[in-house]
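Asker: Pasted the sequence and its predicted model underneath.
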Amino acid sequence: EIVAFAFNKETGKLSFINKQPSGGDHPCHVEVDKTGKWVFASNYSSGSLSVYPVNTDGGLGTATTIQHYGSGKNEQRQKGPHTHGAIISADNRWLFVTDLGIDKVMIYSFDAATGKLTPAKQPFVQSEAGSGPRLFTFHSNNKYAYVIEELTGTVVAYKYKKGKLKTIQRISTMPEG
């Protein structure tokens, strides 16, 4: 489930507002869009992504869920999709979803007025087979993005522009040998 809380800045106390089903198995990451009107939840074991409207009281409305499909080279860890995180671009127009199970960073066009996600013109960037992309982030200048790949211990650097990624470097985090 995904749970919404109110936060009291003076006391630091959290107060329960509501909860909604995650739309999949084992939710592991949430992200709020730049307007504060939408919440994205990544469901690791089922490989799905849910989008929730935020109600006026801060609670969550009913989700729309997108299911990823496929598998990867590593038979033990990639029998199916495993969404790990969903990161919104600085301009709030693109959502980047890492999927460890299918070796892809999925790219969705985001409509902040409706909460609708549609595959972007470049619908994904393919990682090397068996690498398992896990976490994604943008450089503060928004010209670059990075992903760490869990199964191979590599970091990939991308040139970023208007919802599109171009690989510029792939480097191991492991010492030689």
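Answerer: It's in.
Asker: which SS class is the residue most central in space within the chain?
Answerer: Central residue of the chain (C-alpha atoms, centre = their mean): residue 86, 1.4 Å from the mean position. Following DSSP: H, G, I helix; E, B strand; the rest coil, we place residue 86 in the strand state.
Asker: Hmm, it is touching residue 31, no?
Answerer: Yes - in this structure, residue 86 is within contact of residue 31 by C-beta atoms under 8 Å, at 5.0 Å. (Glycine included, C-beta is placed from N, CA and C.)
Asker: Roughly how far does the residue nearest to the centre of the chain sit from residue 9?
Answerer: Taking C-beta to C-beta, to the nearest Å as the measure, residue 86 falls 27 Å from residue 9.
Asker: so what's residue 98 up against?
Answerer: The neighbours of residue 98, taking C-beta atoms under 8 Å, 6 or more residues apart in numbering as the test, are 83, 84, 85, 105, 106, 133, 134, 135, 136, 147.
Asker: Following the chain onward from the top strand by length along the chain, which element is next?
Answerer: Identified as the longest strand of the chain according to DSSP state E is strand 116-126. Following strand 116-126 in sequence order, the next helix or strand is strand 133-138 (DSSP states H and E).
Asker: name the helices or strands packed onto that following strand?
Answerer: strand 83-88, strand 94-99, strand 104-111, strand 144-149 (3 or more C-beta pairs under 8 Å, 6 or more residues apart in numbering; DSSP states H and E).
Asker: Could you look over those and pick the most buried one?
Answerer: Among the helices and strands packed on strand 133-138, strand 94-99 has the highest mean neighbour count (mean count of other C-beta atoms under 10 Å), at a mean of 26.
Asker: do you know how far residue 139 is from residue 99?
Answerer: Per C-beta to C-beta, residue 139 is found 22 Å from residue 99.
Asker: do residue 140 as well
Answerer: Counting by C-beta to C-beta, the gap from residue 140 to residue 99 is 25 Å.
Asker: and if you look at residue 15?
Answerer: For residue 15, the distance to residue 99 (C-beta to C-beta) stands at 34 Å.
Asker: count of neighbours near residue 173?
Answerer: Residue 173 has 10 neighbours, counted by other C-beta atoms under 10 Å.
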